[in-house]
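Asks: Build me a model:
(2 chains)
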2 protein chains.
Amino acid sequence: MKHKETSCAPDCPVQKTADLMGGKWTMLIVRDLLSGPKRYSQLRVSVGEISPRILASRLKHLAKAGVVLRKVFPTVPPQTEYRLTERGKGLKPIIEAMARFGSRL
Amino acid sequence: MKHKETSCAPDCPVQKTADLMGGKWTMLIVRDLLSGPKRYSQLRVSVGEISPRILASRLKHLAKAGVVLRKVFPTVPPQTEYRLTERGKGLKPIIEAMARFGSRL
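Replies: Numbering: from 1, shown residues only, chains lettered A, B, ... in the order given. You can find the predicted model right below:
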């Protein structure tokens, strides 16, 4: 990989992805949605020690970025399901590369 | 890739990597160090709109995590250089996957 493909500005693809993925929690939400759609309550368990407020804010960010699709079921009480969009599924190689790196730590 | 390779707990490799990489700035620092060692002053320019306080704190985090090596040159004033360790260089496939994803955004 050439220098300019990783270090670049201002229209850098790495930066675009970093802006979109943001931080740790966002990555873990994407990780958990790669195995299929999840209810909000399921994500609260699977993502780990995340506060409900942070989880909701990260899901909102991912939905706005076109990575996650939010679907509300008209049950009583209403249930909310999240799934990756096609764009969101495109993050899989990044999560896989993270898994490979982390397995050597 | 099987489900358990991406969604897992508590010893999840994705989570370990997410803990280590943290957030956006850390990713951009790693991106810039992939092309070779940089002085602190060079990183301030290449990373982008980062505050000196945040840059110093992220570099400290990366050094503690064994990703970055800090070298101080006994000049007047002293100059500090940062380079990726072997572990740090292992993050390259993640940054490359981010570049590929970002170039399609």
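
Asks: just how off-centre is stretch A:73-81 within its chain?
Replies: Computed by CA atoms, centre = their mean, to the nearest Å, the chain-centroid distance of stretch A:73-81 equals 22 Å.

Asks: Now do the contacts for the residue nearest the centre of chain A.
Replies: When CA atoms, centre = their mean is applied to chain A, the residue found nearest the centroid is A:Val30 (3.0 Å). Each residue near A:Val30 by CB atoms under 8 Å, 6 or more residues apart in numbering or on different chains is listed here: A:Met21, A:Leu62, A:Val67, A:Leu84, A:Gly88, A:Leu91, A:Ile95. Just so you know, the C-beta spots here come from the backbone N, C-alpha and C atoms, and that holds for glycine as well.

Asks: Provide the partner residues of the closest residue to the second one other than its chain neighbours in its beta bridges.
Replies: Closest residue in space to A:Leu62, ignoring its immediate chain neighbours: A:Val68 at 4.0 Å, by CB to CB, 6 or more residues apart in numbering or on different chains. Beta-bridge partners of A:Val68, counted by DSSP bridges, are A:Leu84.

Asks: if we can go back for a sec, using JSON lines, lay out the contacts of A:Val30 together with pLDDT and secondary structure.
Replies: JSON lines is the format used below for the contacts of A:Val30 (pLDDT from 0 to 100; DSSP: H, G, I helix; E, B strand; the rest coil):
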{"residue": "A:Met21", "pLDDT": "86", "secondary structure": "helix"}
{"residue": "A:Leu62", "pLDDT": "96", "secondary structure": "helix"}
{"residue": "A:Val67", "pLDDT": "96", "secondary structure": "coil"}
{"residue": "A:Leu84", "pLDDT": "98", "secondary structure": "strand"}
{"residue": "A:Gly88", "pLDDT": "96", "secondary structure": "helix"}
{"residue": "A:Leu91", "pLDDT": "96", "secondary structure": "coil"}
{"residue": "A:Ile95", "pLDDT": "96", "secondary structure": "helix"}
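
Asks: ok, and the most crowded of the residues you listed?
Replies: Highest neighbour count within the contacts of A:Val30, by other CB atoms under 10 Å in any protein chain shown: A:Met21, with 28 neighbours.

Asks: What part of chain A, helix or strand, is modelled with the least confidence?
Replies: helix A:3-6 (a mean of 44; mean pLDDT, DSSP states H and E).
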